[in-house]
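[1] Sequence first, then the predicted structure, then my questions.
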Amino acid sequence: MPDQPDPRALELVNHLRQRGISDANVLDALLSIPRDRFVPESIQSNAWDDRALPIGCDQTISQPFMVALMTQELALTGSEKVLEIGTGSGYQTAVLAKLSREVFTVERHKALSEAARKLLEGQLQLSNLRFRVGDGTIGWPEEAPFDRILVTAAAPELPETLLNQLAEGGRIVVPIGSESQQQLHVVDRRNGEPVHFHSVSCRFVPLVGEHGWKVRD
Ligand code: SAH
């Protein structure tokens, strides 16, 4: 018998459905991932709220609605090789791991990367993941091309380096704009050229690095 879903997860998923998330695979993945394990113990009671929460190192776990929307926009079929920039808590990473073949995830804060790795590979027993600590704005050239790339921090512009590591026919989802307000860009690579076709307003912590905002810590 499969485990009964957590009632708080069910409530969150129903809320996401009402907000327009329609991909059943995405909703199932969110239902199966215990978001409370990804936040500090002191705020675990807020873990099922549809909002971003602090995770240390001045960073946040993304709002569940944005996680669901970004994942839905990636249109994963299960066979993809995915690059994620900004591991953070690892929550979005876990969603990607459930819906794709292999996930390569980069985080600039070592403490966050190590905590996420322990949780995902240890407690959650996910095995299709590779972790790297470093500047994700340069991508992961040795493993390129990727079928999908997800950037979970706000970029000042479409990172050219990442676009170059996207497979032909692949898709990158990235928040682009100022440090305080962005649009979520969904960009396909067709005949080597970026084709933008959709975006909504959003707010993420800054992507800091060589091809992002300048380092401030
Ligand atoms: N998906 C994560 C989001 C964390 S916030 C979650 O839901 O938990 C964005 C993350 O991107 C932060 O952890 C931040 O440290 C990281 N980040 C910012 N710039 C980066 C860069 N150049 N390379 C790798 N990670 C970066």
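    The structure has been received and is ready for your questions.

[2] Now residue 9. Nearest residue, chain neighbours left out?
    residue 31 (5.2 Å; C-beta to C-beta, 6 or more residues apart in numbering). To be clear about C-beta, it is placed using only N, CA and C from the backbone, and glycine gets the same treatment.

[3] which SS class is residue 55?
    Following DSSP: H, G, I helix; E, B strand; the rest coil, residue 55 is assigned to strand.

[4] Confirm the residue nearest to residue 9 sits in a helix?
    Yes - counting by three-state DSSP, residue 31 falls inside a helix.

[5] what's the nearest residue to residue 79 once chain neighbours are set aside in contact with, if anything?
    Leaving aside its sequence neighbours, residue 79 sits nearest to residue 101 (C-beta to C-beta, 6+ apart; 5.4 Å). By C-beta atoms under 8 Å, 6 or more residues apart in numbering, the contact set of residue 101 is 78, 79, 80, 81, 82, 128.

[6] Among the residues you listed, which one has the most neighbours?
    residue 82 (24 neighbours; other C-beta atoms under 10 Å).

[7] What about contact with the ligand: does the lengthiest strand in the chain have any residue there?
    Assignment by DSSP state E gives strand 166-177 as the longest strand of the chain. No - using C-beta under 6 Å from any ligand atom, strand 166-177 never reaches the ligand; the gap is at least 9.9 Å.

[8] who touches that strand?
    Residues outside strand 166-177 that contact it (C-beta under 8 Å, 6+ apart): 70, 73-75, 145-151, 153-159, 162-163, 182-192, 202, 204.

[9] The protein: helices as residue ranges?
    7-18, 24-32, 64-74, 91-99, 110-117, 160-164 (DSSP state H).

[10] any idea how far residue 144 is from residue 83?
    Residue 144 sits at a distance of 8 Å from residue 83 (criterion: C-beta to C-beta, to the nearest Å).

[11] and the two? which has more neighbours close in?
    Neighbour count, other C-beta under 10 Å: between residue 144 and residue 83, residue 83 has more, with 30 against 17.

[12] Of the contacts of strand 166-177, just the buried ones, PyMOL syntax please.
    PyMOL command restricting the contacts of strand 166-177 to the buried ones, with burial defined by 16 or more other C-beta atoms under 10 Å:
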select buried, resi 70+73+74+146+147+148+149+150+151+153+154+155+156+158+159+162+163+182+183+184+185+186+187+188+189+202+204
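
[13] which regions of the chain sit below the pLDDT cut-off?
    1-3, 216-217 (pLDDT under 70).
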